[in-house]
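*Asks:* With the input below, show me the fold.
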Amino acid sequence: MKRLLLTTLFAFALACVKTEASMVVFDYIGETYVTPNNIERTLLVSSDDGRSYNVAVRPLEEAITNTDGDVSIPLEYLFINNTREDVYFKYNEFSNVLLQQDSDGAPKNMTAKIKNFGIVPAGTYSIMLEIQATDNQTGEIASVSSFNLQFIVPVVHELNTYSETPKIVVSANDVFKKSHKVVNEVSPMIYIRSNTDWVLTLDTRDFGDTIGDYYVRTTAASGKVTSRLQERAKITPDREIILARGKAPAENDYVTVEFSVESPANDVLRAGDYTNRVKYVLREGDE
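*Replies:* Numbering: from 1, shown residues only. Just a heads-up that it's a prediction; the model follows:
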């Protein structure tokens, strides 16, 4: 009876001598980085036991989607750069992102990228990936895990104007005409890039003194501009004038702006060089 008991205890002890399963872990380094052509997220790939593995990734979804589900980026635009090559993916198929010759057991940096999709609306985008690690020595699958790859795209509002500072030149023929309107020589074109619905306004808080009545309106706009100021609006200090509104995404959309001055009623425009400051403001749409 004693012999049988010892044998049983010895067998139980052997059964308890078992190593924990190894795990290859994906994690993030830093925030999402957005350029006009790319959206990037740096990844850190490591193993909990410091050994080297072949690592393969299988997309479990056919597209990268935002949390609202109204924007979908096809899988063909996604790849991971492992510092040696760009690895592209097919739905439900494994692609090797880290091979034995690249892996010495030390943590590795990789970059997940969405490339050449165009402007991506602000929001959080994700795709579920399956991570499979194969032991380089035994050829056996060491671990299988899931990783929710996320790109957090911030709000992007950019505006540029390639025109000179608008000038209103009052000629000798205009000076003595009462209640006369003079328009700027060159109308500035405001170029807009935005990944949200947007509003373009004119901020007049630093407008200063005037020699007459100043007005602003828009004379042209690109197709994605949904509304714009077509009737002249009088410019007065400390005012916000809405010039145009548009929908996302906006890439090189434009609005052409016209400034004009009109002599006061029953008076003329006085001689002199006058500077009046206004500011273009691009912000997220409120409708």
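*Asks:* How about the contacts made by Lys115?
*Replies:* Each residue near Lys115 by CB atoms under 8 Å, 6 or more residues apart in numbering is listed here: Asn37, Asn38, Tyr77, Phe79. Yep, even glycine has a C-beta here, placed from its N, CA and C like the rest.
*Asks:* Report the secondary structure state of the last one.
*Replies:* Classification of Phe79 into helix, strand or coil gives strand, according to DSSP: H, G, I helix; E, B strand; the rest coil.
*Asks:* Could you measure from it over to Tyr88?
*Replies:* Using CB to CB, to the nearest Å, Phe79 is found at 5 Å from Tyr88.
*Asks:* For the helix or strand hosting Ile29, C-alpha coordinates in CSV please.
*Replies:* Following DSSP states H and E, one finds Ile29 within strand 24-34. In CSV, the C-alpha atoms belonging to strand 24-34 read as follows (Å, rounded to 0.1, in the frame of the first residue of the first chain):
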residue,chain,number,x,y,z
VAL,A,24,4.2,37.0,-28.3
VAL,A,25,2.8,40.4,-27.5
PHE,A,26,1.9,43.4,-29.7
ASP,A,27,1.8,46.8,-28.1
TYR,A,28,1.9,50.5,-29.2
ILE,A,29,4.7,53.0,-29.1
GLY,A,30,3.4,56.6,-29.2
GLU,A,31,0.4,58.1,-30.9
THR,A,32,-1.0,57.8,-34.4
TYR,A,33,1.0,59.8,-36.9
VAL,A,34,-0.9,61.4,-39.8
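*Asks:* Could you list the residues in contact with it?
*Replies:* Strand 24-34 is contacted by residues 39-48, 53, 55, 109, 120, 129, 131, 133, 142-143, 145, 147, 149, 151-154, 156 when judged by CB under 8 Å, 6+ apart.
*Asks:* quick one: buried residues of whatever helix or strand comes next after that strand?
*Replies:* Next in sequence after strand 24-34, counting helices and strands by DSSP H and E, comes strand 38-47. Judged by neighbour count using 16 or more other CB atoms under 10 Å, the buried positions of strand 38-47 are Ile39, Glu40, Arg41, Thr42, Leu43, Val45, Ser47.
*Asks:* Give me the sheet partners of strand 38-47 and which way each runs.
*Replies:* Strand pairing for strand 38-47, determined by DSSP bridges: strand 24-34 (antiparallel), strand 108-115 (antiparallel).
*Asks:* Centre of the chain to the last one, how far?
*Replies:* Okay, so that is strand 108-115. Distance of strand 108-115 from the chain centroid (CA atoms, centre = their mean, to the nearest Å) equals 16 Å.
*Asks:* In that strand, which residues are buried?
*Replies:* Lys108, Met110, Thr111, Ala112, Lys113, Ile114.
*Asks:* got the end-to-end distance for stretch 39-53?
*Replies:* 28 Å (CA to CA, to the nearest Å).
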